[in-house]
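>>> Pasted the sequence and its predicted model underneath.
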Amino acid sequence: MLGALLHLFLAAIAPQGSYYNSVDDTNSSTLRATLHELIDDHQRFPYTNSGTDTWNILEAADVDPNNGNRILDLYKNVSYAKQGGGNSLYNREHTWPNSYGFPNDGSDNYPYTDCHQLFLADITYNGARDRLPFSAASGGAEYPTDANNGVGGGSGIYPGNSNWARGSGSGGAWEVWHDRRGDIARALFYLDMRYEGGAHGKTGANEPDLILTDNQALIASSNTGKNESVAYMGYLTTLLQWHAQDPPDAKEIARNAVVQSFQGNRNPFIDHPEWIACLYSNDCNTITLTVNANSINLATGGTVEMSLDAGRNYAGVPYRVIGTTDGTIPGVTYQGVDIPINPTGDYFRSTLNRTSPYLSGDADNLDGTGQGTALFQLPSNLPLWLDGFVVSHAFVVFDTFGVSVVGASNPADIALFAGSNGSADLVINEVDYDQPGTDTAEFIEIYNRGNGPADLAQVKVELWNGSGTTIYNTIDLSTAGSALAANKYLVIGTRSVIDSLPPGTLSIPFGAADNNVQNGGSNGDGIKLMSGGKTLDSMSYEAIIGGITEGINHAGNDDSGTTQSLGREPNGTDTNQNADDFRLSQIVTPGALNQ
């Protein structure tokens, strides 16, 4: 299946839409706030009406992919000829039972008629599900599926391709068959996000706060027979598992578009399934690719190790490393996943076809912790016309069946250069040596402001004590990698700083948790950047130190009363005058542009 990715990938190339431009997925709080604002206040259609109602929408949304005159039901996987409202074959399933919080329909009851949570379902199966919460139901009654569209069929083996029911009411459980359990989970995650209480922004209708939980008592308390301001449904842990087991497929993606064409809003978790981990586990940057070097010398060749980390949510799933020499912006959207690789050029095609001689470990399964390793290897004496090329890689992860792409990493760049070491272009760019309280967020940032990669083989940072002008620590930058690419950063810092760096940033952890960089004082302290006995850059703070301070005055004072740093502004500026080049800023940016 992975070998067929090229055709599908190229067929999906299209400009990314603007629907999610307002969403901020920095953390779970910003994601929830901006995502709710985006999908809130949709247009409501009546449940049953002589005009357009939920029957019309659902018969369009749940169409059989093989026959536009039929529908494919949710639980039994049966294809029925379209009947319209009030038929004896199928009806409308509230995946969040309306008895839990919004049982009384009316023009102001938005969740009751929300078609992102309504599905057409076989009448008997819908009745068996009733208002059972979603959970494992081993030992319960079996509700088998029909074989249709390449899935379903068979019975007698748990869980097989069947639905299962155990118990009754809020104390029971309904286990959905494997091909639709993810659809159910994402429908309920949508409701949890869409309905947060308050009033509809256009009609003023009061809306409930719908909350997913693992607490059975809270679910039971929502069944009051009247519309409630707060209601619960579950089970959250089960739905998270189902979401991971059954990622969005083509029919779910198509359904999302149909509902949007009526209501005006989308279910974001079909388009961005990775947002579930951010919202419910605060795992907002789960898929990362890091490299142990940012450049390769064309004369000598070399190997760059790529570390792949998708987190435990993707343990054991297939992955594929994709590369390009044509940049990472705007990238491409494939199966609803934004992949930061421009899908053009010979190298891109070779990585998709797995014909590149320069990649190994590029297609495999992640280990039990969701991690893996790939290598980018170049031989020596490559042609000099490759000087200046940047090779970018990212990796995608698939569902457990290796069918659908469910996530993508950040890109990581590797610069190719014709033997220039570029060391003279390195500068000490930002320093935070003193924080409020204990100094647990110290760092020194090195920046390559030149046009070529900097060879780190002999480059060291020396920390100088202004009292007596002696070295109190030396740090070998080659421990971070063989080279620092142009316009990239290397950060020496405490563990809290290292863990917060942008993906792919070269780093070296300090030896202690705090107090690694001296705080200046009346004699000041200093930092030198050295290469083979040659001073590349130096600065002092809080006092002038002979042989270390550049120019007529020191860089400044970092008062420990607030969080701030000394940084070059504009970023990377070096006039050999510490006082002019450095500014004190309360916006601390290790591994990124000074502000």
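Cool, the structure landed.
>>> What segments of the stretch 301-450 of the chain are helices?
Ranges of helices within the stretch 301-450 of the chain are 346-353, based on DSSP state H, counting those that start in this stretch.
>>> so residue 494 makes contact with residue 511?
No - judged on C-beta atoms under 8 Å, residue 494 makes no contact with residue 511 at a distance of 9.9 Å. C-beta: built from backbone N, CA, C; applies to glycine.
>>> what's the spacing between the closest residue in space to residue 66 that isn't next to it in sequence and residue 143?
With sequence-adjacent residues excluded and distances taken as C-beta to C-beta, 6 or more residues apart in numbering, residue 66 is closest to residue 149, at 6.5 Å. According to C-beta to C-beta, to the nearest Å, residue 149 and residue 143 sit 18 Å apart.
>>> Could you check which of the two is surrounded by more residues?
Set residue 149 next to residue 143 and count neighbours by other C-beta atoms under 10 Å: residue 143 wins out with 22 against 14.
>>> in the sheet, who's paired with the more buried one?
residue 163 (DSSP bridges).
>>> wouldn't it be in contact with residue 159 here?
No - between residue 143 and residue 159 there is no contact under C-beta under 8 Å: 11.2 Å.
>>> Which residue ranges of the stretch 151-300 of the chain form helices?
According to DSSP H, counting those that start in this stretch, the helices that the stretch 151-300 of the chain contains are 181-194, 216-221, 236-245, 250-263, 268-271, 275-281.
>>> Kindly report the same for the stretch 451-595 of the chain.
Using DSSP H, counting those that start in this stretch, helices in the stretch 451-595 of the chain cover 495-499, 578-581.
>>> which of the ones you listed is buried the deepest?
Per-stretch averages of neighbours, counted by mean count of other C-beta atoms under 10 Å, single out helix 578-581 among the helices of the stretch 451-595 of the chain, with a mean of 21.
>>> quick one: contacts for the nearest residue to residue 335 once chain neighbours are set aside?
Nearest residue to residue 335, sequence neighbours excluded (C-beta to C-beta, 6+ apart): residue 405, at 4.7 Å. The contact partners of residue 405, by C-beta atoms under 8 Å, 6 or more residues apart in numbering, come to 334, 335, 337, 339, 396, 397, 398.
>>> next one: residue 393
289, 291, 306, 321, 322, 323, 341, 374, 376, 411, 412, 414.
>>> one more time with 6 Å
Contacts for residue 393 (C-beta atoms under 6 Å, 6 or more residues apart in numbering) come out as 321, 323, 412.
>>> From residue 327, how far out is it?
The value you get for residue 393 to residue 327, if C-beta to C-beta is used, is 12 Å.
>>> What of residue 85?
From residue 85 across to residue 327, the span is 52 Å (C-beta to C-beta).
>>> likewise residue 362?
For residue 362, the distance to residue 327 - C-beta to C-beta - is 20 Å.
>>> With residue 79 instead?
Counting by C-beta to C-beta, the gap from residue 79 to residue 327 is 45 Å.
>>> again, but for residue 454
For residue 454, the distance to residue 327 - C-beta to C-beta - is 22 Å.
>>> and these two? which has more neighbours close in?
Applying other C-beta under 10 Å to residue 454 and residue 327 shows that residue 454 carries more neighbours, namely 30 against 16.
>>> That one contacts residue 484, correct?
Yes - between residue 454 and residue 484 there is a contact at 4.6 Å, judged by C-beta atoms under 6 Å.
>>> Tell me the residues that contact both of these two, please.
residue 448.
>>> Helix, strand, or coil at residue 126?
Following DSSP: H, G, I helix; E, B strand; the rest coil, the label given to residue 126 is helix.
>>> Now do the end-to-end distance for stretch 389-404.
Stretch 389-404 stretches 32 Å from its first residue to its last (C-alpha to C-alpha, to the nearest Å).
>>> Check stretch 209-222 too.
Using C-alpha to C-alpha, the end-to-end distance of stretch 209-222 comes out at 11 Å.
>>> gap between it and the chain center?
28 Å (C-alpha atoms, centre = their mean, to the nearest Å).
>>> Can you tell me what sits against that stretch?
100-101, 133, 170, 191-192, 195-197, 230-232, 234-237.
>>> out of the contacts of residue 405, which one sits closest to residue 564?
Residue 564 has its nearest neighbour among the contacts of residue 405 in residue 339, at 37.4 Å by C-beta to C-beta.
>>> Compute the number of surrounding residues for the closest one.
23.
>>> For it, give its distance to residue 115.
Where residue 115 is concerned, residue 339 sits at a distance of 30 Å (C-beta to C-beta).
>>> Settle this for me: residue 231 is touching residue 208, isn't it.
Yes - taking contacts as C-beta under 6 Å, residue 231 lies within contact range of residue 208: 5.5 Å.
>>> who touches both of those two?
Taking C-beta under 6 Å, 6+ apart as the contact rule, residue 231 and residue 208 both touch residue 101.
>>> where along the stretch 51-200 of the chain do the strands fall?
Using DSSP state E, counting those that start in this stretch, the strands found in the stretch 51-200 of the chain span residues 63-64, 67-72, 79-81, 90-94, 118-122, 141-143, 163-166, 173-175.
>>> Just the residues contacting the fifth one, thanks.
When you say that, I think you mean strand 118-122. Counting by C-beta under 6 Å, 6+ apart, 54, 58, 62, 71, 73, 74, 75, 76, 78, 90, 92, 93 sit against strand 118-122.
>>> okay if I get these as TSV plus distance to residue 352?
TSV is the format used below for the contacts of strand 118-122 (distance: C-beta to C-beta, whole Å):
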residue	distance to residue 352
54	42
58	38
62	34
71	36
73	37
74	35
75	38
76	38
78	38
90	41
92	42
93	40
